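Asker: model the following, please.
(one chain, ligands or ions: 2)
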Amino acid sequence: MRDHDAQRVGGLARRLTSILVARGQDPSTPPSEVSEPLPALRAAEARIPARYRSAFADHPAISAWVREIAEAGRPGPGGAPGIAQGRSLLIVGTTGTGKTHQAYGAVRSLVSAGVRLRWKATTAADLYAELRPRPGHDGERELLDLARCPLLIVDDLGAARNSEWTEEITMRLINRRYNEMLPTLLTTNLGMADLREHIGDRVASRLTEMTDKVILDGPDRRRALAAERQRLAAIHA
Ligand SMILES: Nc1ncnc2c1ncn2[C@@H]1O[C@H](COP(=O)(O)OP(=O)(O)OP(=O)(O)O)[C@@H](O)[C@H]1O
Ligand SMILES: [Mg+2]
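Answerer: Ligands and ions are numbered 1, 2, ... in the order given. Modelled structure (predicted):
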């Protein structure tokens, strides 16, 4: 093979790898196992916020959880496995370490693995705002929907202003999911002591039992990306 042919092949391989990663597929999977993007993946991506639409859960603990959940799924009406019960994850890290990215990446990986998945995602602050009692709105029903959803993402736990009411809502939501052993992906910027302070001891106790803790301890990726952009702009200036 001539040098420039080898370079072209290398470039194509790199492009293919980045396309597979963007689709949430493992680039090391043999080509025969790589299928066309699933309609289910397209449908899931349509519900994922634009920033995280191509998120790939590359953290080993998240990938291991995805495998465990995918393998434990019971076959549903169409034959594809669905989520029944499983462990939950508490993704902990300071600002910008990639917690939300890993959570949406996990949804994409599950769907890519063929798991038939009903999922919902909310931030804790949106959850409380949405459930606030107001005329013409059935907050109880909404709480029940979230509590029963096969997979739930609760992003930024502990980031909203807390009160007795938010503690009660969090307790009712988590307690139901704890009782039914439904997988939940929770993210937080707080350490356990501060989280317990914020959400109450009874929720913290349940989370300790039902979740595996995944600690993301890298730098703030937003600031790292901004610094990289500035560095490149300076080179090209
Ligand atoms: N593994 C990754 N690969 C590529 N980009 C990533 C990865 N993790 C995070 N990012 C990007 O870094 C930025 C910050 O990630 P993200 O929003 O997930 O952080 P976070 O920990 O949820 O922050 P916060 O605590 O402020 O909510 C986003 O633009 C995200 O797409
Ligand atoms: Mg986040």
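Asker: check the burial of the residue of the chain found nearest ligand 1 by counting its neighbours.
Answerer: Residue of the chain nearest ligand 1, by CB to the nearest ligand atom: residue 98 (2.8 Å). Backbone N, C-alpha and C define where each C-beta goes, glycine included. Residue 98 has 21 neighbours, counted by other CB atoms under 10 Å.
Asker: for it, give me its contacts.
Answerer: Residue 98 makes contacts with 59, 216, 218, 221, as judged by CB atoms under 8 Å, 6 or more residues apart in numbering.
Asker: of those residues, list those near ligand 1.
Answerer: residue 221 (CB under 6 Å from any ligand atom).
Asker: over to residue 92. Which of the three states is it?
Answerer: Going by DSSP: H, G, I helix; E, B strand; the rest coil, the secondary structure assigned to residue 92 is strand.
Asker: hey, where'd the helices end up in the protein?
Answerer: 3-22, 39-47, 60-72, 99-112, 124-131, 139-148, 164-180, 192-199, 201-210, 221-236 (DSSP state H).
Asker: check contacts around the closest residue to residue 169 other than its chain neighbours.
Answerer: In space, and not counting its chain neighbours, residue 169 is closest to residue 131: 5.8 Å by CB to CB, 6 or more residues apart in numbering. Residue 131 makes contacts with 139, 142-143, 169, as judged by CB under 8 Å, 6+ apart.
Asker: just flag the most distant two among the residues you listed.
Answerer: 142 and 169 (10.5 Å; CB to CB).
Asker: could you give the number of residues near residue 146?
Answerer: Neighbour tally, residue 146, other CB under 10 Å: 22.
Asker: now residue 150
Answerer: The burial count for residue 150: 20, using other CB under 10 Å.
Asker: so what's it up against?
Answerer: Applying CB under 8 Å, 6+ apart, the residues contacting residue 150 are 82-84, 117-119, 182-183.
Asker: so of those, which two are at opposite extremes in space?
Answerer: That would be 84 and 119, which, of the contacts of residue 150, are the farthest apart (CB to CB) at 13.8 Å.
Asker: more neighbours: those two, which one.
Answerer: Neighbours per residue, other CB under 10 Å: of residue 84 and residue 119, the larger number sits with residue 119, 21 against 15.
Asker: setting the sequence-adjacent residues aside, check what's closest to that one.
Answerer: Closest to residue 119 by CB to CB, 6+ apart is residue 151, at 4.0 Å.
Asker: tell me what residue 122 is bridged to.
Answerer: Under DSSP bridges, the beta-bridge partners of residue 122 are residue 154.
Asker: got the domain boundaries for the protein?
Answerer: 1-35, 40-236 (automatic domain parsing).
Asker: pick out the shakiest of the ones you listed, pLDDT-wise.
Answerer: Lowest mean pLDDT of those: domain 1-35, a mean of 51.
Asker: any idea how far residue 173 is from residue 124?
Answerer: Computed as CB to CB, to the nearest Å, the residue 124 to residue 173 distance reads 10 Å.
Asker: go on, residue 95?
Answerer: Counting by CB to CB - residue 95 and residue 173 are separated by 24 Å.
Asker: redo the contacts of residue 131 as CSV? Include neighbour count and distance to residue 194.
Answerer: Shown next, in CSV, are these (neighbours: other CB atoms under 10 Å; distance: CB to CB, whole Å):
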residue, neighbour count, distance to residue 194
139, 13, 27
142, 14, 28
143, 17, 25
169, 19, 19
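Asker: and those as a markdown table, adding distance to residue 189?
Answerer: Formatted as a markdown table, the contacts of residue 131 follow (distance: CB to CB, whole Å):
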| residue | distance to residue 189 |
| --- | --- |
| 139 | 26 |
| 142 | 25 |
| 143 | 24 |
| 169 | 20 |
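Asker: this completes my enquiry, with thanks.
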